[in-house]
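# what would the 3D arrangement of this be:
(chains A and B)
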Amino acid sequence: MYKYVGENIKRVDGLDKVTGYAKYVDDIKMPGMLYAKIKQSPYAHARIIKVDTSKAEALEGVKAVITGADVPNRVGLYLEDKTFLATDKVRFIGEAVAAVAAVTPEIAEEAVELIEVEYEELPGVFSAMDAIKHDAPLIHEDLGNYKYGPIFFPKPGTNISNHYKIRKGDIEKGFAEADYIMENEFYVPHIQHAPIENHSVIALTEPSGKVTVWSACQSPYAVRKALSVAFNLPLHKVRVISPAVGGGFGGKAGTTLEGITIPLSQKCMGRPVKLTYTREEDMIGSFVRQGCLAKIKTGVKKDGRIVAEENTFYWEGGAYTEYGVNIARAGGYASTGPYDIPNVKADSYCLYTNQPVGGPYRGFGMSEIHFAIEQNLDMVAAQMGIDPVEFRKINAIKEGGHTVTGQQLYNVGITKCIEAVEKDIEWGKEEKPSGPNKVRGKGIACMYKAPSQPNNVASSAVVKINEDGTANLLVTAMDIGQGSNTVLAQIAAEVLTIPVEKISVITGDTDVTPYEWQTVASRITYCAGNAVKKAAEDAKEQMLKLASIGLGLPAEYLELKDEHVVSIVYPDRKISIASLALGLEMPDGSGVHGPIIGRGSFIPPNVRNTDKETGQGEKPVAFWTFGAQAVDIEIDLETGQIEVIKVAAAYDVGKAINPQLCKAQIEGGIVQGIGSALLEQQIMEKGKVLNPNFVDYKIPAVRDVPEMIVRIVEVPEVTGPYGARGVGEPAMVPTAPAIANAIYNALGIRINSLPLTAEKVLYAIKNNKSVSCKLIKNNKGEDGEGQVKCGVD
Amino acid sequence: MKHNISFTVNGEKVHMEVEPNKTLLRMLREDLNLTGAKEGCGAGECGSCTVIVDGKAVNSCMMLAVEADGKDILTVEGLAKNGILDPLQQSFIDNAALQCGYCTPGMLMSAKALLMRNPNPSEDEIKEAIGGNLCRCTGYKVILDAIKEAAGQIN
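Below you'll find the predicted structure:
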């Protein structure tokens, strides 16, 4: 049916990347370039009394030194609570308090050592439960004066920067109807994105005051806006260029080092200033995935239907929550997972803590909440004697079913996903351990996710047809590895009938490429894809009209076919795209119309705010992506070591524009999910990160990879281009809870916090311990039964 | 005090004056504009700076430039010959064995060093060879597939 959509077209950026030609920010060298370095706070929470930069300024080779006084404006994507350098206080260890630009990196480093900062240490807040206490030290005293979007609810005078609520149905009635009620707590620690490319930015200020930044960033336009606010510059005086980006996973969304390099460059007119973080600086000073404490209470009828769920999420948002407030919101509006539950109460709190800054991380809150939801589900199913797969099939959202916000859904593929992984993992079949001291187990988890974005986020695309019949596609969707350049070229190719190899994709320059909100939220194939499709269709319409004149046939009887406008009735009557590119040449030598330039703009249709008190709304998000994973693991009883042997994954992507790249996303997500499940945690002591390197903070290497069976389910999303939905983030969400459920399946042991380390497993085995599950009610109607162990007896 | 060194990079003879504390990675990137090798950690933990020195895969952030004296160095820029991609480069493209591309040059060079000494490696030998190359995007399976495929093409 399609020629390019649905095909495994090779990555259009492949050649540049395998030859080492692709240029990342740190690869760029400019004449007269200066090198920057930051001075970091050694305190988690302290008042800045004095910053003395005189010795640094006196050092030969130093060209500029800045402090918080140079960048006083507060900025932030959703809540304007951060400054690029600390002004009044420092709020986490590693926060930038001053910066230097010098002729060499070595001099910059030396100069930073010469900056003297006097602090008055303040009591810190290092956990969600401490942050929410009434007498907790306040991290942002001025919260009441900060600007924020209308969908957020900060509580001035507390550390709560957002409280998102869901009140659906009648929660008390729901629990009263339930035959079983299970309540438990789960904790997910802070982890790092760990893209292999550290953050890097070059800034240049021209004599006119115009600022250009070359930034490893996912979101050039969102960055441009924040920078214009921070530096009181009109938007046309800020240019953001994003060259090749060495992985993002959310960590390069929003602003990072731009706000430090710009003021330095303003003091060194005409000289570019580069700042590249070391791995240690990156792991401490850039976004992290925030910690989350989750309390889940699930009420179920004897027949297996979940009738009530009461969930509370406490997010350890870190020192600034400009982005974190929206993660708390996402946790709220998705609070039950992909299940149709009539009575729901949820409270999601974003909390300030004196920890690294929480930000967007592949999954945007979904990995954290599903770790809790999917385990509690298994725990109650175990008490009731219902098979975990069956239990999910009963409760998964069906055709015409409802989400937590009351949104009615159609074209829902979750049941197909569950069935696919059930088959691929051979659910119910017992596997033989590889040795006498080993046990095997299987587990399943489901997920859903929607793009967490403001309702009216915009995308656009421009298609320019060249006079040889090739095309240039301009977008600001960033190919951060996910393959968007290839997929967007395929969409343009499908409409235009121009082969992908004849389309150049140009991205990431706010002076050149058209507006795109951000490359985040698994939204690009859907949002930018729709814009590209419209732009190509616009170009097509223009060409059909011109060809109609040229061929003397009505436009409605013309179509594009194999790079020509062709008559549907008389296929031999045609005119090439190349000959229409600059307009139509008439027999008398005159011309009509001029160059073909297609424009496409897109905003997800009909997405509206939810009610402030109840969180209810018909369509709070553009679309939902559903998926499931099942795992087969082996545990070594002598060491507690978990080996993931096989992972089966299935996602309803609506339509895989490029199945090979789609599968690659899912495989990458599974392995990142295994990292978060088994290996990764920022180990902190009073806000100090103790493992900011790849020796002490391990991410998966090649030997950590299991067998992976990936199934693509295609139930079309009616508003998506060719029916497509996003899948980049969903790919890692269910992995950790599926492994946790497999541990229970193998040993009868519940581990309620990540990572699922050998130490925790071995401790549980040796001490015959498990997290105690709080079964509040059983089918005999016995209330208040108290702690019931569901681990090993 | 600077040191005079001579070595070969991608088949070309080079004479350089380098500071004693400069790493091979910085010399390649800053002085020779060979920016294919990347710095991901600066401590030999991620492998994105891998180049081949006298036939062996080396973390160039952990080797001093002066140690390159008299050596034969191959970087990712030297893999393709006369515009023809090395079979590894082609199989990485064909298998979608790269995403963001930042680890790709190092991954390719570790694989190349393996295939140079062992044209027909087992899966375990491939895993051993790229065990020190971290990739955050792909999940590695496609990289293993790409190396196996390229091995089939190399005599």
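# contacts for stretch A:143-157?
The contact list for stretch A:143-157 (CB atoms under 8 Å, 6 or more residues apart in numbering or on different chains) reads A:74, A:76, A:78-81, A:138, A:140, A:158, A:160-164, A:325-326, A:329, A:454, A:609-610, A:612. In short, each C-beta sits where N, CA and C put it, glycine included.
# for it, buried residues please.
Residues of stretch A:143-157 classed as buried: A:143, A:146, A:148, A:151-154 (neighbour count, 16 or more other CB atoms under 10 Å in any protein chain shown).
# same deal with stretch A:505-514?
For stretch A:505-514, using 16+ other CB under 10 Å, the buried residues are A:505, A:507-510, A:513-514.
# what does B:P87 show for phi and psi?
phi -50, psi -30 (degrees, to the nearest 10).
# now do the contacts for B:M62.
B:23, B:43-44.
# give the pairing partners of whichever strand or helix holds A:V213; include direction for each.
Assigned by DSSP states H and E, A:V213 falls within strand A:211-215. Sheet pairing here is set by DSSP bridges, and for strand A:211-215 it gives strand A:200-205 (antiparallel), strand A:238-241 (parallel).
# pick the most deeply packed of those.
strand A:200-205 (a mean of 26; mean count of other CB atoms under 10 Å in any protein chain shown).
# who touches that one?
By CB under 8 Å, 6+ apart, strand A:200-205 touches A:24-26, A:28, A:30, A:33, A:211-216, A:256-258, A:260-262, A:264-266, A:268-277.
# can you check stretch A:700-710 too?
Contacts to stretch A:700-710, defined as CB under 8 Å, 6+ apart, come from residues A:424-425, A:631, A:643-650, A:663, A:666-667, A:670-672, A:674-675, A:678-679, B:127, B:130-134, B:139-141, B:143-144.
# ok, now stretch A:432-444?
Under CB under 8 Å, 6+ apart, the answer for stretch A:432-444 is A:378, A:388-389, A:392, A:418, A:421-422, A:425, A:427, A:430-431, A:628-638, A:645, A:737-747.
# now render the strands paired with strand A:211-215 as CSV, adding mean pLDDT.
Shown next, in CSV, are the strands paired with strand A:211-215 (pLDDT from 0 to 100):
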stretch, mean pLDDT
strand A:200-205, 98
strand A:238-241, 98
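# what's the closest of those strands to B:S91?
Nearest of those to B:S91, taken as CB to CB: strand A:200-205 at 29.6 Å.
# for ChimeraX, write the selection for the buried entries among the contacts of stretch A:143-157.
What follows is the ChimeraX syntax selecting those of the contacts of stretch A:143-157 that are buried according to 16+ other CB under 10 Å:
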select /A:74,76,78,79,80,81,140,158,160,161,162,163,164,325,326,329,454,610
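# restricted to helices, list the contacts of stretch A:143-157.
Mapping the contacts of stretch A:143-157 onto helices (DSSP state H) picks out A:325-326, A:329.
# coming back round to it: restrict the contacts of stretch A:143-157 to contacts with chain B.
Subset of the contacts of stretch A:143-157 in contact with chain B: empty, counting by CB under 8 Å from any CB of the partner chain.
# do you have the helices of chain B handy? List them.
B:24-26, B:87-94, B:104-117, B:123-129, B:141-153.
# pick out the shakiest of those, pLDDT-wise.
Per-stretch mean pLDDT for the helices of chain B is lowest at helix B:141-153 (a mean of 94).
# would you pull up how far that one lies from the middle of the chain?
Averaged C-alpha coordinates place helix B:141-153 at 16 Å from its chain's average position (CA atoms, centre = their mean, to the nearest Å).
# give the buried residues for it.
B:141-151.
# from those residues, which are also near chain A?
Contacts with chain A within the buried residues of helix B:141-153, counted by CB under 8 Å from any CB: B:141-144.
# one step back: ok, of the contacts of B:M62, which one's closest to chain A?
B:A43 (6.5 Å; CB to the nearest CB).
# find the nearest non-adjacent residue to the closest one, please.
A:N693 (6.5 Å; CB to CB, 6 or more residues apart in numbering or on different chains).
# any chance of TSV for the ones in helices among the contacts of stretch A:143-157, columns pLDDT?
Shown next, in TSV, are these (pLDDT from 0 to 100):
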residue	pLDDT
A:V325	98
A:N326	97
A:R329	96
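# would you list every one of the helices in the stretch 601-750 of chain A?
Remark: helices assigned in the stretch 601-750 of chain A by DSSP state H, counting those that start in this stretch are A:659-674, A:735-747.
# so which of these is nearest B:G70?
That would be helix A:659-674 among these, by CB to CB, at 40.5 Å.
# hang on, A:N343 packs against A:G169?
Yes. Between A:N343 and A:G169 there is a contact at 3.6 Å, judged by CB atoms under 8 Å.
# the more surrounded of these two?
A:N343 (22 against 18; other CB atoms under 10 Å in any protein chain shown).
# backbone dihedrals for the more buried one, both of them.
According to degrees, to the nearest 10, A:N343 has phi -120, psi 120.
# quick check: beta-bridge partners of it?
Beta-bridge partners, per DSSP bridges, of A:N343: A:A308.
# quick one: it from chain B, how far?
Using CB to the nearest CB, to the nearest Å, we find A:N343 at a distance of 39 Å from chain B.
# please tell me how far that residue sits from A:A493.
According to CB to CB, to the nearest Å, A:N343 stands 49 Å off from A:A493.
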